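Trainee: Task: produce atomic coordinates for the following.
(chains A and B)
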Amino acid sequence: MADGPVAEVLLQRLEAADGGLDSAELAAELGVEHQTVVGAVKSLQALGEIIEAELRSTKRWELTTEGEEIAREGSHEARVFRSVPPEGLPQSELMRLPSGKVGFSKAMSNKWIRVDKSAADGPRVFRVVDSVEDEVQRRLQLVQGGQAEKLGEKERSELRKRKLLTEVGSWRDRPFKPYNFSAHGVLPDSGHLHPLLKVRTQFRQIFLEMGFTEMPTDSYIESSFWNFDALFQPQQHPARDQHDTFFLRDPAQAQQLPMDYVHRVKRTHSQGGYGSQGYKYNWKLDEARKNLLRTHTTSASARALYRLAQKKPFTAAKYFSIDRVFRNETLDATHLAEFHQIEGVVADHGLTLGHLMGVLREFFTKLGITQLRFKPTYNPYTEPSMEVFSYHQGLKKWVEVGNSGIFRPEMLLPMGLPENVSVIAWGLSLERPTMIKYGINNIRELVGHKVNLQMVYDSPLCRLDAERGPPSTQEAA
Amino acid sequence: MPTVSLKRDLLFRALGRTYTDEEFDELCFEFGLELDEITSEKEIISKEQGNEKAQGASDVVLYKIDVPANRYDLLCLEGLVRGLRVFKERIKAPMYKRVIPNGEIQKLIITEETAKIRPYAVVAVLRNIKFTKDRYESFIELQEKLHQNICRKRALVAIGTHDLDTLSGPFTYTAKKPSDIKFKPLNKTKEYTACELMNIYKTDNHLKHYLHIIENKPLYPVIYDSNGVVLSMPPVINGHHSKITVNTRNIFIECTGTDFTKAKIVLDIIVTTFSEYCENQFTVEAAEVVFPNGKLHTFPELAYRKEMVRADLINKKVGIRETPENLAKLLTRMCLKSEVIGDGNQIEIEIPPTRADIIHACDIIEDAAIAYGYNNIQMTLPKTYTIANQFPLNKLTELLRHDMAAAGFTEALTFALCSQEDIADKLGLDISATKAVLISNPKTAEFQVARTTLLPGLLKTIAANRKMPLPLKLFEISDIVIKDSSRDVGARNYRHLCAVYYNKNPGFEIIHGLLDRIMQLLDVPPGEKKGGYVIRASEGPAFFPGRCAEIFARGQSIGKLGVLHPDVITKFELTMPCSCVEINIEPFL
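Mentor: All right, here's what the predicted structure looks like:
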């Protein structure tokens, strides 16, 4: 490094010196450019706590052209004073003098001169005092003589306001090391939003743009009843197993259930009804009371639809939610015990599978996904059900981007919704599109306390429809 | 979703044509299956155990196909091929027939001891079947798939298949003390008591998963023939005596369980799928079960059910305009034999015993849509007119979090579940003081409770990011959970805002300033007067003595701020001072 020898000398001198060194003096002493010493200081600072440096600035002041004139000839007011003979001078004449206009008012305010407006040939100016001290000239001469520091801050600023003095960086005419424009700037100190929640904000925005109302999802604890039974998910369903769902020890049971509705649900499961064969098993209330950490936000959708069903007459509704859900699953690079589920629901008379696909097309277009196709699938509470696939340019294949369907009549009719009302719904996880968008392969770097804060600091805006991810994101899918 | 693994060439031979991988993938997609992986035995072993172990393994190409969880009829080659060939209109769906034998009908008598442990049993006979090695393997594999899925790992139903020619009916299904059951189990050379077997199978990687179903019961279920030969001790193991082989011609099938409906479905699936290889194709020999109450039932049920659906309903639900005749044709391709009847708009659909998944008209409508082709359906937008509203709590949260970032704090996103230690011990509290909800079945300590405070998550985030330049300024606005007996589920969420400042100095003034800023944002003025906020000296086990204050706003306590106690800092594996604020934002809605 070019600064090497200077840095070494600097350290030796510092060791010997008492109370530090002045970089400018040192530069002069060593016969090197001041910048070379500054460079050495900076590189030593970069190594850590080796030296301490403080920035000292010396200001230099310079006279303006007018200021130079005043230093030479005296201030305008002094010149005005001098122009006034003891017998006075007509004001009109005085005003014609070069310093007249400016000097007159200043000399007036200094009370050096007075005006007699009653004089016969118009207003006449007289001296008030015999002699004056031209402080302005004196001060400017001090500056000229390189003794600006002898002036107070107030005095200097007064002269500067009169445009007689300018502050000059000593740097105006100095040669500088050229900037390295390929280097990075210094990032501003700022707070940052979490990338997953930036994506959440965008999804909320999309739903709101589409006219969907946000459902309350502010209860992580749910009864098995709302989480499963209300959705016509049978009590022996594997999702209700201890291996898949977190159950609660305390409070273990939901004490209040809407019993009328519970009985209709029970009958539908165990005997059928509403055109259904049912599952034909012994439905148990105790099983429905078991509390758990909700495994999907569809439990909140079920509550919202139940509330909708109680409103008569039926009014169409579009709902959405984005919130946490919990699964007691085996964890790996893409699975955690909790994740965020995005859900959209439309309830109206006569909705079709074609409507579901149409809404999905609009929704995914807003995400920047235009190539869609639909695969038949099985979900316990939707029928028909369809998985949504989109063509992934990077992987050159179709990948699943969401799941959807029409809620089963066995779920809707016991709630009390009218028979010709259909409810279409779809869901996806928030984490997966976020991982793809931000090119993150391990979900732990995104969610939870092991997050990489640097990643949070560095993550760009979330503009789902405006961009293709960087090449690395292609792997994440 | 169950996955079935099929030999590709065998599959193509059964389908009567070959496909490229892409063509077959496309066919699966259309039908609602997923060609998950193309592999071979060799590849699987080499992936799992290394190339050396894979030496000599078969490199026959295998298709791994994901099957919808309710389509038990597609869980083996025979069923899958039948479904696809009917779909492609190569064959008509077969009619399955139950026949009463000319000779004596096989009979199983259930004794009442079974009532407390495994009360149901159904039986059937496949007569004059002809196995090959592949067919035999498929037969065993189907039972395994059924056990894993509809049978819920044998808890609901367990299947036993036996060489009928080695046995002599009538059979007895009873329950006995484990020490009184003694037999030679499948693939063992000597007899063991049930107690001994339970011990032996504790180390059996396959069977150990089923022991818990009966382990702690006083009586174990067991099936004997008229000579006292043990057929099986369900749901754990069959007897060796009646073991079926590739040469077996007559099979006695018993399904025992706790769910009668599912037992009948499982029996139907097995006999419909494999009756194809019987001398009289698609016929199944009936057998009888005498229940403890003396009632006699004949199985398999093989019930065909008729459903009536109007064509315009199908069109309306799917969003298409097909003639009733075309819809009937579409349904027939899904193994649902259909015809137009009545006024010409009614479609009569016959639900075969293979399609236990069809329980409502909506299931029929889905099949019509699948046969029509999901991707041929015209997409349209519903005319539903609605005004959108945000959930007020989330609206406030969204606004606040942007301004928290503008105040220089970085947003964290931490887990809602954590250990008891995190919310109690580490903060100097007893778990009972936290009013936390407790999880009954956590796999690890990380999931013992739902958090009652956001602080531990933020402190753990700092601990995981100690290499980052100081100061660290973090915040989170999210939910915590507290027991609350006034709620239907006995607990409720609260939306909290928590922020921490971690640096070489405690920086209380910074956290205090942040609180002032938050209150400014919420339009809450400082001061004692109504609607204002104040902080008052307080204490808490998590805080340094004299460095803790309680925050009161709009007449109620909303949280605390202060400098953390060194013990707390140490327990979260931190080394520097830290101040924090945590408030409930719900009073500001």
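Trainee: ok, residue B:531 - contacts?
Mentor: B:524, B:525, B:554 (C-beta atoms under 8 Å, 6 or more residues apart in numbering or on different chains). For every residue, glycine as well, the C-beta is placed using N, CA and C.
Trainee: now, which of the residues you listed sits nearest chain A?
Mentor: Proximity to chain A was ranked across those by C-beta to the nearest C-beta; first place goes to residue B:554, at 20.2 Å.
Trainee: Just give me the neighbour total for that closest one.
Mentor: 13 (other C-beta atoms under 10 Å in any protein chain shown).
Trainee: the strands in the stretch 151-300 of chain B, which residues?
Mentor: Ranges of strands within the stretch 151-300 of chain B are B:157-163, B:171-176, B:182-183, B:192-193, B:220-224, B:230-233, B:237-238, B:251-257, B:283-285, B:287-290, B:296-299, based on DSSP state E, counting those that start in this stretch.
Trainee: Assign residue A:321 to helix, strand or coil.
Mentor: strand (DSSP: H, G, I helix; E, B strand; the rest coil).
Trainee: actually residue A:245, not the one I wrote
Mentor: Put simply, residue A:245 is coil when judged by three-state DSSP.
Trainee: these two touch, right, it and residue A:329?
Mentor: No: contact criterion C-beta atoms under 8 Å: residue A:245 and residue A:329 do not qualify, at 9.4 Å.
Trainee: quick one, which of the two is more surrounded?
Mentor: residue A:245 (22 against 15).
Trainee: Look at residue 224 and say how many residues are nearby.
Mentor: All of this refers to chain A. 24.
Trainee: that's the other chain; I wanted chain B
Mentor: 21.
Trainee: Would you check how far apart the nearest residue to it once chain neighbours are set aside and residue B:105 are?
Mentor: Leaving aside its sequence neighbours, residue B:224 sits nearest to residue B:172 (C-beta to C-beta, 6 or more residues apart in numbering or on different chains; 5.0 Å). Distance from residue B:172 to residue B:105, counting by C-beta to C-beta, to the nearest Å: 16 Å.
Trainee: more neighbours, these two?
Mentor: Shown here are residue B:172 and residue B:105; by other C-beta under 10 Å, residue B:172 has more neighbours (18 against 15).
Trainee: right, and that one touches residue B:223 too?
Mentor: Yes: counting by C-beta under 8 Å, residue B:172 sits close enough to residue B:223 to count as a contact (7.0 Å).
Trainee: On the three-state scheme, residue A:427 is what?
Mentor: Per three-state DSSP, residue A:427 ends up strand.
Trainee: wait, it sits on residue A:400?
Mentor: No: assessed by C-beta under 8 Å, residue A:427 is found out of contact with residue A:400, at 11.8 Å.
Trainee: These two - which one has more neighbours?
Mentor: residue A:427 (22 against 15).
Trainee: if I pick residue A:91, what's in contact with it?
Mentor: By C-beta under 8 Å, 6+ apart, the neighbours of residue A:91 are A:104, A:115, A:122, A:123, A:124, A:125.
Trainee: ok, the second one - how many residues close by?
Mentor: Which is residue A:115. 15.
Trainee: Not counting residues beside it along the chain, what's closest to residue A:123?
Mentor: Residue A:123's closest residue in space is residue A:91 (C-beta to C-beta, 6+ apart), at 4.2 Å.
Trainee: Tell me how far the one you found lies from residue A:228.
Mentor: The value you get for residue A:91 to residue A:228, if C-beta to C-beta is used, is 101 Å.
Trainee: go on, residue B:90?
Mentor: 40 Å.
Trainee: show me the contacts for residue B:360.
Mentor: A:274, A:275, A:276, A:277, A:383, A:408, A:409, A:410.
Trainee: no no, residue B:512
Mentor: Residue B:512 touches B:535, B:561, B:581, counting by C-beta under 8 Å, 6+ apart.
Trainee: near chain A, which of those residues show up?
Mentor: Counting by C-beta under 8 Å from any C-beta of the partner chain, the subset of these that neighbours chain A is empty.
Trainee: Any chance of CSV for these, columns neighbour count and secondary structure?
Mentor: Output for the contacts of residue B:512, formatted as CSV (neighbours: other C-beta atoms under 10 Å in any protein chain shown; DSSP: H, G, I helix; E, B strand; the rest coil):
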residue, neighbour count, secondary structure
B:535, 20, strand
B:561, 23, strand
B:581, 25, strand
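Trainee: okay if I get those residues as TSV plus pLDDT?
Mentor: Formatted as TSV, the contacts of residue B:512 follow (pLDDT from 0 to 100):
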residue	pLDDT
B:535	96
B:561	96
B:581	97
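Trainee: sorry, back to before: TSV for the contacts of residue A:91, including secondary structure?
Mentor: Output for those, formatted as TSV (three-state DSSP):
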residue	secondary structure
A:104	helix
A:115	strand
A:122	coil
A:123	coil
A:124	strand
A:125	strand
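Trainee: Lowest-confidence entry in these?
Mentor: Lowest pLDDT within the contacts of residue A:91 is found at residue A:122 (82).
Trainee: Thanks a lot, see you next time.
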